[in-house]
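> How does the following fold in three dimensions:
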Amino acid sequence: MKCILFCQNNYAFGILQPIKAYLDQKNHEHLWYVSEKIINDFPYKSDHFTTSIADLVAFNSDAIFVPGNEVPYYLRGLKVQVFHGLAGEKKGHFRIRHYFDLYLTQGPYFTDTFNQLKAIHKDFDVIETGWPKLDVYATDAKLYDDEKRNLLKAYSAKTIVLYAPTFSPKLTSAPFLLEELRHLAKNEDYLILLKFHPLMDQQWVEAYKTLADQTQNIIFETEKNIIKFLLMADLLISDTSSVIYEFLLLDKPVVSFKNISGHIHWEDSLDYNELIPLVEKNLNEDPFAAKRNYIFEQFHPYNDGKSAERMVEAVQNYIQEHGVPSYRKLSFLRRMKINSMFNKPKSI
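Reported below is the predicted structural model:
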């Protein structure tokens, strides 16, 4: 089986790497597509990769794994949506764009909704597999324990608090928590890590970098894969970000602000001034511990580290049964959008 790993944004690397590892294990051929805007961040340059859509056309793939929202309709291959987060409440998560033949879902909450949409649109299939980005929770959960101990010792701190807001201008807490985090850092038992989404407004990136430069126990992290910091942190501060669900699946407490989810099973507040007492309460009491079971059961009930394996096997079995689709019916506007985004090769 010949597969494309399709990356428009650098968050795709951590999602697709477990799939790549299983493709290697099973001797499936693969080619990374990496958008030119993120090529400097691409960490697997010893692999086969390209920034050229023409190269993808020539590769003649059987399947294309896509964590993003778009994929060129004219490329050969089963177009597989693998998702870039767990926040079903975000605008667009359940939007059907008609680019995909197969949706590989993370858990029942997502599977049920996409099956309902499948019954309406009748032009894609749905298989529940789990999410490959979280395979590391089973395989390497203790990977950063020594680094965490050394970091706490170096800063004479006791607890790691992670602040990871969304980038969405209407949902982000970044404009409102700058001074609150400065006050939180006055408690030197806390080591505060800041991890921003790659699409965060540069204004707030620079503001929080300055905060970190000015504050001894605040670190602005630039490493791309957030999983490391999720594993190390004792508590997460956020807003309406899918990283909340990733953190809850580690069975640790979250404090969020103005989250728009209809399934809040953690501490959420409308008052940014409550940051310090809410952090203290959730670290000391963890009052939402029992409620996290809903997230485990509905959002990602897989803790065996084999979601990437299930994805690859699901795709291979699907192709064996249905073949590789030769055509997708798209509106003129959607075809034009893709042609504009990816500069359709003239030879097609």
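> Excluding chain neighbours, what is closest to residue 61?
What sits nearest to residue 61 in space, not counting adjacent residues and going by C-beta to C-beta, 6 or more residues apart in numbering, is residue 77, at 3.8 Å. From N, CA and C alone the C-beta is placed, and that goes for glycine too.
> Can you get me a residue count around the one you found?
For residue 77, the tally of surrounding residues (other C-beta atoms under 10 Å) stands at 25.
> And the one 4 residues further on, by the same measure?
Residues near residue 81, counting by other C-beta under 10 Å, number 24.
> What's the biggest helix in the chain, counting residues?
Longest helix in the chain, counting residues (DSSP state H): helix 307-322.
> Pull up the gap between the residue nearest to residue 61 and residue 1, please.
10 Å (C-beta to C-beta, to the nearest Å).
> any common contacting residues for the two?
Common contacts of residue 77 and residue 1 (C-beta atoms under 8 Å, 6 or more residues apart in numbering): 62-63.
> Residue 32: what's it in contact with?
Contacts for residue 32 (C-beta under 8 Å, 6+ apart) come out as 4-5, 7, 16, 20, 42, 44, 47-50.
> To clarify, my last question referred to residue 121.
96, 98.
> can you give me phi and psi for it?
phi -90, psi -30 (degrees, to the nearest 10).
> For it, give its distance to residue 110.
Distance from residue 121 to residue 110, counting by C-beta to C-beta: 16 Å.
> One more: residue 296?
Counting by C-beta to C-beta, the gap from residue 296 to residue 110 is 14 Å.
> neighbour-wise, which of those two wins?
residue 110 (23 against 16).
> ok, then the element right after the helix or strand the more buried one falls within?
Residue 110 is part of helix 108-121 when elements are defined by DSSP states H and E. Using DSSP H and E, the helix or strand that follows helix 108-121 towards the C-terminus is strand 125-128.
> If you count contacts, what does that next one end up packed against?
When contacts are defined as 3 or more C-beta pairs under 8 Å, 6 or more residues apart in numbering; DSSP states H and E, strand 125-128 packs onto strand 102-105, helix 108-121, helix 307-322.
> With respect to residue 332, which of the ones you listed lies nearest?
Checking the helices and strands packed on strand 125-128 against residue 332 by C-beta to C-beta gives helix 108-121 as the closest, at 18.0 Å.
> tell me which residues in the closest one are buried?
By 16 or more other C-beta atoms under 10 Å, the buried positions in helix 108-121 come out as 109-111, 114.
> Measure how far the host helix or strand of residue 194 is from the centre of its chain, please.
In the assignment (DSSP H and E), residue 194 maps to strand 190-195. Distance of strand 190-195 from the chain centroid (C-alpha atoms, centre = their mean, to the nearest Å) equals 20 Å.
> got a list of contacts for it?
151-152, 155, 157-164, 181, 184-185, 208, 211-212, 215, 217-221, 226, 229, 232-233, 279.
> quick one: average pLDDT of that strand?
The average of the pLDDT scores along strand 190-195 is 98.
> so what strands line up beside that strand?
In the sheet, strand 190-195 lines up against strand 159-163 (parallel), strand 218-221 (parallel) (DSSP bridges).
> what helices or strands is the next helix-or-strand element following that strand leaning on?
The element immediately downstream of strand 190-195 (helix or strand, assigned by DSSP H and E) is helix 202-214. Judged by 3+ C-beta pairs under 8 Å, 6+ apart, the packing partners of helix 202-214 are helix 174-184, strand 190-195, strand 218-221.
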